[in-house]
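**Student:** Sequence plus predicted model, see below.
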Amino acid sequence: MLRTLAFALVMAATPALAADAVAPVKAVMDLTLANWASETGDGGGDYFDDTHIKVFSKSFRTLYGKVEKHMAEVGDADSAGVFDYDPIQGGQDGCPITDLKIGQPTAGKGGVTEVAVTFKPYSCFDGETKESVAHLTFKVVDEGGKAVIDDVVRKEFFGSAPSLVQELQDALAN
């Protein structure tokens, strides 16, 4: 009976996290939409400033802070930031985001909830690029009862790195 009660409690908590998992993803994508409301990509703000970084996990924020410190120590502090491109949109150039779709949360491994996102970042370009679709998987975890983003994994897109965490770890190695 105790085992059944424990299972019921876990199952009852899971839908709440799954539903909440979309909230930090939506916050990041709302910022992406604002950033790319025009072709200059300067509308909404920085994903990693003091206001917005709160939707990311403590481990992500710690890693990001280490990379910022490392860049300052190696004399790269005056660059365009830790990422020299928009790590969500996928480039330095772009267009207003179109066809944004945020999927339903799904259970991943190790208590991670995954939220798939697709959009067209280059619809104002000519040629094949116009129809290109970015595919992101937000890895969301529960941190003290709050859903936060622990990583963003990208399907290879114009040479972009597959994971923000991996990209940050690579930056520390340089």
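**Tutor:** Cool, got the structure. All figures in this text were calculated on a predicted structure; none of them were measured in a lab. Numbering: from 1, shown residues only.

**Student:** CA atoms for contacts and neighbours, from now on please.
**Tutor:** Fine.

**Student:** T51: how many residues sit nearby?
**Tutor:** Close neighbours of T51, defined as other Cα atoms under 10 Å, add up to 10.

**Student:** And Q89, by the same measure?
**Tutor:** There are 24 residues near Q89, going by other Cα under 10 Å.

**Student:** Pretty sure it sits in a helix.
**Tutor:** No. Counting by DSSP: H, G, I helix; E, B strand; the rest coil, Q89 is not part of a helix but coil.

**Student:** Look up the closest residue to it, ignoring the ones flanking it.
**Tutor:** With sequence-adjacent residues excluded and distances taken as Cα to Cα, 6 or more residues apart in numbering, Q89 is closest to P121, at 6.4 Å.

**Student:** residues contacting the one you found?
**Tutor:** With contact set as Cα atoms under 8 Å, 6 or more residues apart in numbering, P121 has these partners: Q89, G90, G94, C95, P96, I97, T98, S132, V133, A134.

**Student:** Secondary structure class of the residue nearest the centre of the chain, three-state.
**Tutor:** Against the mean C-alpha coordinate of the chain, by Cα atoms, centre = their mean, the closest residue is V152 at 4.2 Å. Under three-state DSSP, the three-state class of V152 is strand.

**Student:** rewinding a little: phi first, then psi, for the residue nearest to Q89.
**Tutor:** According to degrees, to the nearest 10, the main-chain angles of P121 amount to phi -90, psi -10.

**Student:** And it, how close does it get to V133?
**Tutor:** 7 Å (Cα to Cα, to the nearest Å).
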